[in-house]
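**Student:** Below are the sequence and a predicted model for it; my questions follow.
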Amino acid sequence: MVKRRTGLLDIAKQVGVSKATVSRYLNTPDLVSPSLQKRISTVIETLGYLPNKVPNMLSNAKSHAIGVFLPSVTSQIFTDVLQGIETITDQNGYQVMIAHTGRYKDKEEMRLRSLLSYNIDGLILTERNHSPASIKMIQLANIPIVEIMDSVTPFIDMAVGYDNFQASKNMVDRMIKANKKHIVYLSTQLNERGVLRNKGYEAAMAEHHLETFAILSKELPSYALGEQLLHQVLKEYPQVDGIFCCNDSLALGVLFECQRLNIAVPQQIAIAGFHGYDIGQSVNPKLASVLTPRFEMGKIAAEMLLKRLNGKIIPSNVVELPVKYIEGESITTSPITVNESLRL
């Protein structure tokens, strides 16, 4: 059964005021008393109201637009994802409406409320941890949803991604096989993917009965932060002989600072990143990293969404893609034989 969108009259009845008063609050809040503003705002959040900015469109008509929520609009990771999405949407006459969230749940909620008001046909989300209000809006919107970047965490409707836990565990295994025993894990912005990578690191170390040491920062990933965290590691864990980073920005910052400090890489400290940035293969030594299938992931997510919109059968609601491991030169100067990819 299709759920009906919450309207102004629903809010008015709940608050005990007229529909005109609710409309006045939405258009000119200052004309409504502060106490009434609070009451109306609470009911709007509870009911998950979505303002309709295209009232002339039939509620069941297609807008031929999908919303894509990205935590960053400058990262190579998400530009690759977006290119994959647009490969499919462009071929099928769909527009992409981009919303930048910065990985903040409240910002995602605000962007979601705005974007859904345009009657978009579907959503592609990059995060799995949503606010209760966002969940309610998504449910009331009654449109197909694809969550990307992860194939393990529970999802709302459909998902396409890779196994962050296993990918990280495999990379740390590579470092251990290179005879590194004191490996540190560095992470930023503690979302669910960072947590899974941390668990993968811990699992690899535990299998070999090795001590773990992690620094989990809340700051944005950057070369400068990588440099800063290296100094913290050297101070707090001087026996370090390997550093695994949750992304290549941190790893490259660590690498550059090692070179400034005359710390030999990989002889003294091995370094590995995650995501396989192009720049990592243009430095010396080349950075070892987990290459994630960003373009393919965006492409498949868009295909799944459009199939659902066109009433086609989807074999599975979750698609797990393999990652690849970039050998680089920052772990060892000798080849290491390990499993090269994660299988579907």
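**Tutor:** Nice, thanks for sending it over. Numbers count the residues shown, from 1 in each chain.
**Student:** CA atoms for contacts and neighbours, from now on please.
**Tutor:** OK.
**Student:** quick one, strands of this structure?
**Tutor:** All strands of the chain, identified by DSSP state E, fall at 65-70, 95-100, 122-125, 145-148, 158-161, 183-187, 213-216, 242-245, 270-275, 288-291, 318-320, 324-326.
**Student:** could those go into CSV alongside distance to residue 206?
**Tutor:** Compiled in CSV, these are given as follows (distance: least, CA to CA, whole Å):
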stretch, distance to residue 206
strand 65-70, 34
strand 95-100, 38
strand 122-125, 33
strand 145-148, 29
strand 158-161, 26
strand 183-187, 12
strand 213-216, 12
strand 242-245, 15
strand 270-275, 19
strand 288-291, 21
strand 318-320, 26
strand 324-326, 22
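**Student:** For these, could you give me JSON lines that also reports distance to residue 201 and mean pLDDT?
**Tutor:** Shown next, in JSON lines, are these (distance: least, CA to CA, whole Å; pLDDT from 0 to 100):
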{"stretch": "strand 65-70", "distance to residue 201": "26", "mean pLDDT": "94"}
{"stretch": "strand 95-100", "distance to residue 201": "30", "mean pLDDT": "93"}
{"stretch": "strand 122-125", "distance to residue 201": "26", "mean pLDDT": "96"}
{"stretch": "strand 145-148", "distance to residue 201": "22", "mean pLDDT": "96"}
{"stretch": "strand 158-161", "distance to residue 201": "19", "mean pLDDT": "97"}
{"stretch": "strand 183-187", "distance to residue 201": "7", "mean pLDDT": "97"}
{"stretch": "strand 213-216", "distance to residue 201": "9", "mean pLDDT": "96"}
{"stretch": "strand 242-245", "distance to residue 201": "8", "mean pLDDT": "98"}
{"stretch": "strand 270-275", "distance to residue 201": "12", "mean pLDDT": "97"}
{"stretch": "strand 288-291", "distance to residue 201": "13", "mean pLDDT": "98"}
{"stretch": "strand 318-320", "distance to residue 201": "20", "mean pLDDT": "97"}
{"stretch": "strand 324-326", "distance to residue 201": "15", "mean pLDDT": "96"}
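**Student:** Let me know which of those strands is the nearest to residue 33.
**Tutor:** Counting by CA to CA, residue 33 lies closest to strand 95-100 out of the strands of the chain; the figure is 32.0 Å.
**Student:** Can you check what angle separates that closest one from strand 65-70?
**Tutor:** Interaxial angle, strand 95-100 versus strand 65-70 (axes from the mean of the first three to the mean of the last three CA atoms, to 10 degrees): 30 degrees.
**Student:** Tabulate the CA atom coordinates of strand 95-100 in CSV.
**Tutor:** C-alpha atoms of strand 95-100 as CSV (Å, rounded to 0.1, in the frame of the first residue of the first chain):
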residue,chain,number,x,y,z
GLN,A,95,18.9,14.3,-14.2
VAL,A,96,21.1,14.0,-11.1
MET,A,97,20.4,16.4,-8.2
ILE,A,98,23.5,16.5,-5.9
ALA,A,99,23.3,17.2,-2.1
HIS,A,100,26.5,17.7,-0.1
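**Student:** what comes up buried for it?
**Tutor:** Neighbour-count burial for strand 95-100 flags 96, 98, 99 (criterion: 16 or more other CA atoms under 10 Å).
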